[in-house]
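Asker: this one's structure only:
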C-alpha cells in the first residue's frame, strides 16, 4: 500500500509539473509578441489567433535587412502565410514553418518560453548565391519577443512600411484609424530609435493634403520634408530628435511668398540640416549652430547634388563643385 501511495504521489507531482509547464508555454488568445534583433537587422510582430492554435497571417510579419551583393542594404517583408496555410502553434507553444518569396527561402522556428516571452530563430537563403559577391549572409538570427499588452506601444518592431533604416533607427509608415466615417484610416509616419524602442509620431502622410518625402536618418535624428496641398500651399523641413520627440520646424516657403519645395536634403548626426530649394533662383540653405543661412544661390545649382562628408557639405553650381562647413 505504501509503495502504491508513493507511486500515486509521484505521478500526481509529475502531472502537476506537466500541467504548469504546458499552461505556461501556451500563448494567450489574441496575444501580440514583438521584438527587434540584437544587431537591429530584423524585427518581428506576431499575433496569436483567438483559439490559440495558430498565428494570424495578415497581421504577423518578419522584416529583415540584407546585404545586396555589395550594394546598399535592402529590406524585405515576409507575411506568415494565408488562411489556407496558417501557422499552427502546438500545445507546447512551438511552431515551425518555411516561407518562399521570390528568390528567398525563410525557415522559422519559435517557442513560447512563458506566456509573455517568445523565442524566435530563423535563417534565410537567396538563390542563386554568387561566389564572387557577398550575397549569402544567411546566418542564423535569434530574437526574443515580448508580449505587448493591449494599449501599450510596440516600439521599433511595429508592423508597417519601412521608409528608411540605419543600424541606429528606423522610419516607417503605419495605417492608423481616424474615427472618421468618411476617412476611416490615414497613413502616419513614425521614427524609432532602437536604443529607446519607442516610436515617435512624425506627421500624417495623406497625399495630396500632406506629402512627406526625403526622409533622412543620422544619429538619433530623423529629417524630412513636408509639402502641403497639391497646389503648393507651403513647404517645411523638419528635424526630430527621436530620443525625446522634440521637433524643429523650418518653413522654407508658402503660397504667395518666397521659397519653394526642397529637392534634396542632408542630415548630420548632430541634427544640423541642409537642403536645396527649387525657387527663383535655386538656393542652397542650411540650419546648424550658426543659425539658418543661405550658402549659395543661382539657376545653375543642380537640384539633387547635395552631399555631406563629415562636416563638409558639397553641391554643384553650373558644373562646379562648391563646399561649406555644416557645424
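Answerer: Structure received. Given the structure is predicted, the values throughout are model-derived calculations rather than measurements.
Asker: excluding its backbone neighbours, what's nearest residue 35?
Answerer: Using C-beta to C-beta, 6 or more residues apart in numbering and skipping residues adjacent in sequence, the residue nearest residue 35 is residue 145, 4.0 Å away. Every C-beta, even on glycine, is put in place using the N, C-alpha and C of the backbone.
Asker: Show the contacting residues for that neighbour.
Answerer: For residue 145, the contact set (C-beta atoms under 8 Å, 6 or more residues apart in numbering) comprises 33, 34, 35, 44, 46, 117, 118, 119, 120, 157.
Asker: Give me the sheet partners of whichever strand or helix holds it and which way each runs.
Answerer: Here residue 145 sits within strand 141-147, counting by DSSP states H and E. The pairing partners recorded for strand 141-147 under DSSP bridges are strand 32-36 (antiparallel), strand 117-126 (antiparallel).
Asker: So this protein: which segments form each domain?
Answerer: 32-150, 160-254, 261-327 (automatic domain parsing).
Asker: Bridged to residue 78, which residues?
Answerer: residue 62.
Asker: Residue 155 versus that one, what's the distance?
Answerer: 20 Å (C-beta to C-beta, to the nearest Å).
Asker: Output the below-cut-off pLDDT ranges for the stretch 101-250 of the chain.
Answerer: For the stretch 101-250 of the chain, the stretches flagged by pLDDT under 70 are 126-138, 207-209, 230-232.
Asker: All the strands of it, in order from the start?
Answerer: 104-112, 117-126, 141-147, 161-165, 169-177, 185-193, 198-204, 210-218, 221-228, 234-241, 247-254 (DSSP state E, counting those that start in this stretch).
Asker: Could you export those to JSON lines, including columns for distance to residue 97?
Answerer: Shown next, in JSON lines, are the strands of the stretch 101-250 of the chain (distance: least, C-beta to C-beta, whole Å):
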{"stretch": "strand 104-112", "distance to residue 97": "6"}
{"stretch": "strand 117-126", "distance to residue 97": "10"}
{"stretch": "strand 141-147", "distance to residue 97": "15"}
{"stretch": "strand 161-165", "distance to residue 97": "23"}
{"stretch": "strand 169-177", "distance to residue 97": "25"}
{"stretch": "strand 185-193", "distance to residue 97": "27"}
{"stretch": "strand 198-204", "distance to residue 97": "28"}
{"stretch": "strand 210-218", "distance to residue 97": "32"}
{"stretch": "strand 221-228", "distance to residue 97": "34"}
{"stretch": "strand 234-241", "distance to residue 97": "37"}
{"stretch": "strand 247-254", "distance to residue 97": "41"}
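Asker: which one of those strands is the most hemmed in?
Answerer: With neighbours defined as mean count of other C-beta atoms under 10 Å, the strands of the stretch 101-250 of the chain peak in mean count at strand 221-228, which reaches a mean of 24.
Asker: That strand versus strand 234-241: what angle between them?
Answerer: Calculated by axes from the mean of the first three to the mean of the last three C-alpha atoms, to 10 degrees, strand 221-228 forms an angle of 160 degrees with strand 234-241.
Asker: Next, format the contacts of residue 145 as CSV and append distance to residue 295.
Answerer: Below are the contacts of residue 145 laid out as CSV (distance: C-beta to C-beta, whole Å):
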residue, distance to residue 295
33, 49
34, 43
35, 43
44, 43
46, 48
117, 52
118, 51
119, 52
120, 48
157, 39
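Asker: Tell me the one among those residues nearest to residue 141.
Answerer: Nearest to residue 141, judged by C-beta to C-beta, of the contacts of residue 145 is residue 120 at 8.6 Å.
Asker: I'd like the distance between that closest one and residue 87.
Answerer: 12 Å.
Asker: do the same with residue 325
Answerer: For residue 325, the distance to residue 87 - C-beta to C-beta - is 54 Å.
Asker: residue ranges for the helices of the stretch 1-150 of the chain, please.
Answerer: 2-25 (DSSP state H, counting those that start in this stretch).
Asker: Could you give the bridge partners of residue 276?
Answerer: Applying DSSP bridges, one finds that residue 276 bridges with residue 264, residue 284.
Asker: burial of it, as a residue count?
Answerer: Look at residue 276: counted by other C-beta atoms under 10 Å, it has 24 neighbours.
Asker: That one is in contact with residue 283, isn't it?
Answerer: Yes - assessed by C-beta atoms under 8 Å, residue 276 is found in contact with residue 283 at 7.2 Å.
Asker: what sits in contact with each of these two?
Answerer: Counting by C-beta under 8 Å, 6+ apart, the residues touching both residue 276 and residue 283 are residue 301.
Asker: any idea which of the contacts of residue 145 is closest to residue 179?
Answerer: Nearest member of the contacts of residue 145 to residue 179, counting by C-beta to C-beta, is residue 34, at 24.4 Å.
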